[in-house]
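**Student:** Next come a sequence and a model predicted from it.
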Amino acid sequence: MNRLVWRATIYSCRLTINRHGVRQFSSGAKKILIDTNTDTGVCKMKLNNPHANSLDRDMLDAAVKAIRDAESSPQVRGIILSSNSDTVFSEGLEGKEMYRRPREHLIDYWTRVQDLYLSWYGCSKPTVAVINGYTAGAGCAWSLMCDYRIMRTGATAAIGLTEAKLTPPASHFFINLMRPAINNKASELAQLQETMFDSSEALKIGLVDELDSPDNLMNKAETRLKSLMGVPAQDYRKTKLLTRQPHLNKLSGMRKQDTEAFVSAVTNRKTEIGLGIYVNACAEIERVYLDSASSCA
């Protein structure tokens, strides 16, 4: 596996546990915590998956349901997507969902990933992503599905589409998300080199729209969202879908072929070896941290 993906694996695994050995997520089964202010119409969604907000099947189901519910609710006028962790937004695809899984499982998993793209990128209401930590691969892609991105400053904040090489060519709709944000050449190089950008670099190239301190991220997100909500809803929807509908239609028309490409990619021997390293490294690092926490208790 590429050295940058390996580094990202170790880093994202470590971020799921703080220095006291306590997970930085709320307990319970809810993968996404939702809070809607019916007076303002602002719906806040916080990712809450203990495994670094990785996109396992339950998280994907929760994400799709949450945005569809928000889309259909007359009480919701705009959505803020953030994380319930202080240091990680999302590490992206869940390796265990892809590693040595039967064909039926892989088809089911990728269908849910496609649903995430179609529902979030196709949402007609304003969406703002608050990138309050490290985010890679499909986590980066998820933020790019939103209309506006605000990222925290600091050493733990990094963003990149590192999974573009993990599942070629099935992730073409993820790759295409980066192109409107940065120019085609820069997008291609970032994906070929699996580059992770710190917050200042991400702002410079246009991968995110604003930066702020961790303490002020949500305030800035609400201000920006309310500005977007000030545009008449019908005008906003028409303009947004005018640019996005061709991409949505493309995936909708080739979901089966796209899924077959994904299955072929992750069952390739070379990719399978890389996924094995990824999954085993995560498991081992988490085991060491939990053992250390238990011994200190």
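**Tutor:** Yep, it's here. Numbers count the residues shown, from 1 in each chain.
**Student:** would you list every one of the strands in the stretch 151-297 of the chain?
**Tutor:** Assignment of strands within the stretch 151-297 of the chain using DSSP state E, counting those that start in this stretch yields the ranges 158-160, 197-198, 210-212.
**Student:** Surely residue 279 and residue 99 touch.
**Tutor:** Yes - the criterion here is Cβ atoms under 8 Å, and residue 279 meets it with residue 99 at 4.9 Å. No exception for glycine: its C-beta is placed from N, CA and C like everyone else's.
**Student:** Quick check: pLDDT value at the closest residue in space to residue 126 that isn't next to it in sequence.
**Tutor:** Counting by Cβ to Cβ, 6 or more residues apart in numbering, the nearest residue to residue 126 once its immediate chain neighbours are dropped is residue 228, at 3.7 Å. Confidence per residue is given as pLDDT, and for residue 228 that number is 98.
**Student:** same deal with residue 220?
**Tutor:** Note on residue 220: pLDDT of 97.
**Student:** With residue 205 instead?
**Tutor:** 87.
**Student:** what do you get for residue 135?
**Tutor:** Per-residue confidence (pLDDT) for residue 135: 90.
**Student:** Can you tell me the SS state at it?
**Tutor:** Using DSSP: H, G, I helix; E, B strand; the rest coil, the secondary structure recorded for residue 135 is strand.
**Student:** Residue 255: neighbour count?
**Tutor:** Taking other Cβ atoms under 10 Å as the criterion, the count of residues near residue 255 is 14.
**Student:** Distance of it relative to residue 180?
**Tutor:** In this structure, residue 255 lies at 22 Å from residue 180, with Cβ to Cβ, to the nearest Å as the measure.
**Student:** so residue 93 bridges to which residues?
**Tutor:** residue 55 (DSSP bridges).
**Student:** Distance of it relative to residue 136?
**Tutor:** 9 Å.
**Student:** now swap in residue 171 and tell me
**Tutor:** Distance of residue 171 to residue 136, given as Cβ to Cβ: 13 Å.
**Student:** Nearest approach to residue 246 belongs to which of the strands of the stretch 151-297 of the chain?
**Tutor:** Across the strands of the stretch 151-297 of the chain, the minimum distance to residue 246, taken as Cβ to Cβ, is reached by strand 158-160, at 25.5 Å.
**Student:** hmm, who's touching that closest one?
**Tutor:** Around strand 158-160, the neighbours that count as contacts under Cβ atoms under 8 Å, 6 or more residues apart in numbering are 4, 8, 131, 134-137, 140, 143, 151, 190, 194-199, 202, 207-208.
**Student:** Buried ones from the residues you listed, can you make that a ChimeraX selection?
**Tutor:** One line in ChimeraX is enough to select the buried ones among the contacts of strand 158-160; burial here means 16 or more other Cβ atoms under 10 Å:
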select :4,8,131,134,135,136,137,140,143,151,190,194,195,196,197,198,199,202,207,208
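**Student:** For the stretch 1-150 of the chain, just list every one of the helices.
**Tutor:** For the stretch 1-150 of the chain, the helices identified by DSSP state H, counting those that start in this stretch occupy 3-15, 57-72, 103-121, 138-145, in order along the chain.
**Student:** ok, and what's touching the third one?
**Tutor:** Pointing back at helix 103-121 there. Taking Cβ under 8 Å, 6+ apart as the rule, helix 103-121 contacts 55, 57, 60-61, 63-64, 67-68, 71, 93, 97-98, 101, 127, 138, 141-142, 145-146, 170, 173-174, 177, 244, 247-248, 251-252, 255, 258-259, 262-263, 266-267.
**Student:** Now do it against helix 57-72, angle only.
**Tutor:** Direction vectors for helix 103-121 and helix 57-72, defined by axes from the mean of the first three to the mean of the last three Cα atoms, to 10 degrees, enclose an angle of 30 degrees.
**Student:** quick one: buried residues of helix 103-121?
**Tutor:** Taking 16+ other Cβ under 10 Å as the neighbour-count basis, helix 103-121 is seen to contain the buried residues 106-107, 109-121.
**Student:** what does the shortest one give?
**Tutor:** By neighbour count, with 16+ other Cβ under 10 Å as the criterion, the buried positions of helix 138-145 are 138, 139, 140, 141, 142, 143, 144, 145.
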